[in-house]
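J.: Requesting a structural model of the entry that follows:
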Amino acid sequence: MVPISALWMPILLSAVIVFVASSILHMVLPYHKSDYRKLPEEDRVVDALRAAGVTPGPVYHFPHTTHKDMKSSEVVEKFKRGPIGLLTVMPSGPPAMGKYLGLWFVYCVVVSILVAIVAGTTLSPGTRYPVVFHLAALTALLGYAVGHLQDSIWKGQAWSVTFKHVVDGFIYALLTAGTFGWLWPR
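T.: Just a heads-up that it's a prediction; the model follows:
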């Protein structure tokens, strides 16, 4: 067993490495540019949403219904006619990138802490690099990649977009695992 206090260096360094790698993947490389599209007639749609009084916070599902009414002819017709969707509304104003990047870094630290807890309670000091790498990679993969699958299953996100986020998560898991394997107590 390795106490978490002995793993602060791999925790913090892996979080920094993942943070930098994610910045490169999302801002330098072009493969995420097609993840989002502009709304057709964006100004009209946004004006209509504003007039309807949508607010940040809840996820809007349309057409909205209850389980009890799902089979009613009126609701079935709404679903046939479409569109069907989920809408997330964010607070007005310029994007708070500092806040989002700060929260992302905290998330990276949390994933690395969970990797440290799993590896530290499972492995002992002096465990060989490949063993540490394997366990750390699997644990980090759960934190960075697997959860994205739900976006395509439940939220209708295109599988191509989800696949790119899973690939990113796989890269982050490998970087985390490499850091833990490298800095594992001897």
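
J.: Quick one: distance of the helix or strand containing Gly169 to the chain centre.
T.: Secondary structure here is read from DSSP states H and E; on that basis Gly169 sits in helix 159-183. Taking CA atoms, centre = their mean, to the nearest Å, the mean C-alpha location of helix 159-183 is offset from the chain mean by 12 Å.

J.: where does the residue at the greatest distance from the centre of the chain land on pLDDT?
T.: The outermost residue of the chain relative to its centre, with distances by CA atoms, centre = their mean, is Ser73 at 37.1 Å. What the model reports as pLDDT for Ser73 is 93.

J.: how about the residue nearest the centre of the chain, secondary structure?
T.: In the chain, the C-alpha nearest the mean C-alpha coordinate belongs to His148, at 5.9 Å (CA atoms, centre = their mean). At His148 the chain is in helix, as set by DSSP: H, G, I helix; E, B strand; the rest coil.

J.: quick one, what contacts the nearest residue to it once chain neighbours are set aside?
T.: Taking CB to CB, 6 or more residues apart in numbering as the measure, His148 lies nearest to His165, with 4.2 Å between them; neighbours along the chain are not counted. C-beta: built from backbone N, CA, C; applies to glycine. Contacts were defined as CB atoms under 8 Å, 6 or more residues apart in numbering; by that measure His165 touches Ala145, His148, Asp151.

J.: Alright, I will stop here.
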